[in-house]
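A.B. asks: Predicted model follows, preceded by the sequence.
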Amino acid sequence: MEAPLHILTTTYQPATAPALSVDVSYRVWGQPLGTAPLAVFCHTLTSNSLLAGPRGWWNKLVGEGLAVDLRHWSVLCLDVPGNGAVGTPSADHLPWFNALETAEIFDAVLLALHLKRVEVLLGASVGGGVALHMAALSPERYEKVIVVASDYRSSDWLVSHCQVQEALLQHPVDPIGKARAHAMLSYRSMEGINNRFKDQYSATGSRASLEWLDYHGQSLKLKMQLDAYRRMNHVLRTIDVPFAALVQSHAQYFHIATASDGLFSFERSLNLHRLLLQSKVQSEFLQLESPHGHDGFLIENQKMHEFLKPLFTYE
């Protein structure tokens, strides 16, 4: 069953601008809020609050009897304002929010919903950066913070990718298709792509790998608006969590990283884990073995199940 979409209007006060009224959409999966342990999920760049169910982007891991068992958990998944999901409020009249501002808006939503305590906060990819900002904003709210294929700061490499993405998204011809094709080369690894296609050609005489790139570009155009893609790319390039704020958190951190990740560096994830330990913060590092690069956490379902199941224990 698909969880209904809810919309909550909250007031957001930017640092140097008048207050804004922001409509934030979200879905609650599993048990009603307040009746079960609570997990808050921050979605990836091209996804949204449609987390579980038949069309859910993580429905192999979130559902009844799965790693995140919806028979025992309430899972709140918030839509980044302007992410372009069908049915979500338009953000055309709003400024582009960076990662910190997105976290501040999410924090306001949690307060409006009277959710003072969250057992698990999980963010994947760009959502991991937003989740770390949230942990820094409210250090006493979260028991566990799970960061999947992400980091607390956008690296030079990541910002450079985002710069190329923005240039492609301003191209007058097929901007989403071009940007998505480029993005797939950072979401996947050289080894993964080479091993998958093995220099093969399709029946039309084209490289199978090039047809795959074109397929992803055309598919994204059907579900994501140009303005939404640019907004999410902006969030991705602006992750910058003050480390001093992170170490104030009472949460236990869990980092899931892949050595083949070419977008969010494995070494940087490991370094954050080590820095937290040096600061006497509870932290655990989990290495996901995958040849598929950044998207490994979306592909290696069995391995991710083994990681997440113990973290979503329940009484």
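C.D. replies: Alright, I've got the coordinates.
A.B. asks: what's the helix or strand for residue 22?
C.D. replies: Assigned by DSSP states H and E, residue 22 falls within strand 20-30.
A.B. asks: in that strand, what counts as buried?
C.D. replies: Using 16 or more other C-beta atoms under 10 Å as the test for burial, strand 20-30 gives 20, 22, 24, 25, 26, 27, 28, 29, 30. In this view, the C-beta of every residue, glycine as well, is placed from N, C-alpha and C.
A.B. asks: Stretch 81-95 too?
C.D. replies: 81, 82, 83, 84, 85, 88, 89, 91, 94.
A.B. asks: quick one, strands of the stretch 1-150 of the chain?
C.D. replies: 5-12, 20-30, 38-42, 62-63, 68-69, 74-78, 118-124, 142-148 (DSSP state E, counting those that start in this stretch).
A.B. asks: Export those to TSV and append columns for mean pLDDT and distance to residue 304.
C.D. replies: As requested, the strands of the stretch 1-150 of the chain are arranged in TSV below (pLDDT from 0 to 100; distance: least, C-beta to C-beta, whole Å):
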stretch	mean pLDDT	distance to residue 304
strand 5-12	96	26
strand 20-30	97	17
strand 38-42	98	14
strand 62-63	98	11
strand 68-69	98	10
strand 74-78	98	15
strand 118-124	98	10
strand 142-148	98	8
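A.B. asks: Put together TSV for these, with distance to residue 289 on each row.
C.D. replies: Listed next are the strands of the stretch 1-150 of the chain as TSV, based on distance: least, C-beta to C-beta, whole Å:
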stretch	distance to residue 289
strand 5-12	36
strand 20-30	28
strand 38-42	24
strand 62-63	22
strand 68-69	21
strand 74-78	26
strand 118-124	17
strand 142-148	15
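A.B. asks: so which of the ones you listed comes closest to residue 184?
C.D. replies: Nearest to residue 184, of all the strands of the stretch 1-150 of the chain, is strand 118-124, at 16.9 Å by C-beta to C-beta.
A.B. asks: Please determine how far residue 251 is located from residue 152.
C.D. replies: Shown here: residue 251 relative to residue 152, a distance of 13 Å by C-beta to C-beta, to the nearest Å.
A.B. asks: if you count what's nearby, which of those two comes out ahead?
C.D. replies: residue 152 (25 against 22; other C-beta atoms under 10 Å).
A.B. asks: what sits against the more buried one?
C.D. replies: Contacts of residue 152 were listed using C-beta atoms under 8 Å, 6 or more residues apart in numbering, and they are 129, 132, 239, 240, 241, 243, 246, 272.
A.B. asks: Residue 59: neighbour count?
C.D. replies: If we define neighbours as other C-beta under 10 Å, then residue 59 has 16 of them.
A.B. asks: what do you get for the one 3 residues further on?
C.D. replies: Neighbours of residue 62 under the rule other C-beta under 10 Å: 26.
A.B. asks: Residue 54 too?
C.D. replies: Neighbours of residue 54 under the rule other C-beta under 10 Å: 8.
A.B. asks: hang on, it packs against residue 63?
C.D. replies: No: taking contacts as C-beta atoms under 8 Å, residue 54 lies outside contact range of residue 63: 10.0 Å.
A.B. asks: Please, where are all the helices along this structure?
C.D. replies: 99-112, 126-137, 156-169, 175-187, 190-197, 208-221, 226-237, 243-246, 266-278, 296-299, 301-311 (DSSP state H).
A.B. asks: Could you dump those helices into JSON lines and include mean pLDDT, mean neighbour count and distance to residue 70?
C.D. replies: Below are the helices of the chain laid out as JSON lines (pLDDT from 0 to 100; neighbours: other C-beta atoms under 10 Å; distance: least, C-beta to C-beta, whole Å):
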{"stretch": "helix 99-112", "mean pLDDT": "97", "mean neighbour count": "21", "distance to residue 70": "20"}
{"stretch": "helix 126-137", "mean pLDDT": "98", "mean neighbour count": "27", "distance to residue 70": "19"}
{"stretch": "helix 156-169", "mean pLDDT": "98", "mean neighbour count": "16", "distance to residue 70": "32"}
{"stretch": "helix 175-187", "mean pLDDT": "96", "mean neighbour count": "21", "distance to residue 70": "27"}
{"stretch": "helix 190-197", "mean pLDDT": "96", "mean neighbour count": "14", "distance to residue 70": "31"}
{"stretch": "helix 208-221", "mean pLDDT": "95", "mean neighbour count": "16", "distance to residue 70": "27"}
{"stretch": "helix 226-237", "mean pLDDT": "97", "mean neighbour count": "22", "distance to residue 70": "26"}
{"stretch": "helix 243-246", "mean pLDDT": "96", "mean neighbour count": "15", "distance to residue 70": "29"}
{"stretch": "helix 266-278", "mean pLDDT": "98", "mean neighbour count": "17", "distance to residue 70": "28"}
{"stretch": "helix 296-299", "mean pLDDT": "98", "mean neighbour count": "22", "distance to residue 70": "19"}
{"stretch": "helix 301-311", "mean pLDDT": "98", "mean neighbour count": "16", "distance to residue 70": "13"}
